[in-house]
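Enquirer: Sequence and predicted structure, then a few things I'm wondering about:
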Amino acid sequence: MWEALTARLAAHGREVMPLELPGHGRRPALRTATTLAQMADDVAARLPARAHLAGFSLGALVAQELALKVPERVSSLICVSSVCQRTAKEAAAVRTRLDTAASDFRASAEAALLRWFPEPDAVPYGEVEKIRGVLLANDPVSYLHAYEVFASGDRDIAALLPSLSVPTLALTGSEDPGSTPEMTRRLARLVPGARSMIFQGARHMLPIEQPEELARVITEFAAQAERTVTHA
């Protein structure tokens, strides 16, 4: 999910360190239920002494938890396609998706692809098939434990966001049906001094749909945060 973006961030002169979430990539599969706090603790063990922290989707919730736990290690926080304070209707919708994943994992993956890429030609050739392969290669049990955190984590962390003390940027796509523009605005309203940004025409997969623009925005926000610290 991050390959196109990390290459462009590196081209902007930024050292990039992808941090895989518990149950993701090369991390051990999740065999028991977990929490947002436990996921953040796992990532914290691999977080550099200080970094600009960007999280995508579930990773954005984990990044928020990290910024609350270890703010001295977070130079700035960028929340990409993050959910926030789901309404009852929004919470019911994600719960339905979780139930579908539990009963028919392949159908859940195909439904996700349709939400993310209703027009596959809008992204580089082969990206949809690549992501389909990644989704279907998941360990279903581990996936469900992680998805449970995604389905409920925004509710757990919302009350803590007003105490977040690091420079924060929240952004999403104007057409994202799950991590909606309104959720991004809610997040910016809850975090003191936070900014929000909406990428026109994009859906959920901003790192794939608009990697160049996203890299530019992240780089500029990180630089601004560094200048603010220098001048303080």
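Expert: Good, I have the coordinates. Residues are numbered from 1 along each chain as shown.
Enquirer: Let me see the contact set for Ala158.
Expert: By Cβ atoms under 8 Å, 6 or more residues apart in numbering, Ala158 lies in contact with Cys84, Gln85, Leu190. For every residue, glycine as well, the C-beta is placed using N, CA and C.
Enquirer: What strand or helix carries Glu213?
Expert: helix 211-231 (DSSP states H and E).
Enquirer: Ignore what I typed, I meant Thr34.
Expert: Counting by DSSP H and E, Thr34 is part of no helix or strand.
Enquirer: Not counting residues beside it along the chain, what's closest to it?
Expert: Excluding the flanking residues, the one nearest Thr34 by Cβ to Cβ, 6 or more residues apart in numbering is His145, at 5.6 Å.
Enquirer: and if you look at Ser75?
Expert: His52 (4.9 Å).
Enquirer: Equivalent analysis for Ile218, please.
Expert: Using Cβ to Cβ, 6+ apart, the closest residue to Ile218 is Ile78 (5.5 Å).
Enquirer: Just give the number of residues close to Arg27.
Expert: 15 (other Cβ atoms under 10 Å).
Enquirer: Check the residue nearest to Ile218 and give its pLDDT.
Expert: pLDDT for Ile78: 98.
Enquirer: list the contacts for it?
Expert: Counted by Cβ under 8 Å, 6+ apart, Ile78 has contacts His52, Leu53, Ala54, Gly55, Ala63, Thr168, Leu169, Leu171, Ile218, Phe221, Ala222.
Enquirer: helix/strand/coil for it?
Expert: strand (DSSP: H, G, I helix; E, B strand; the rest coil).
Enquirer: I'm done for today, thanks for sticking with me.
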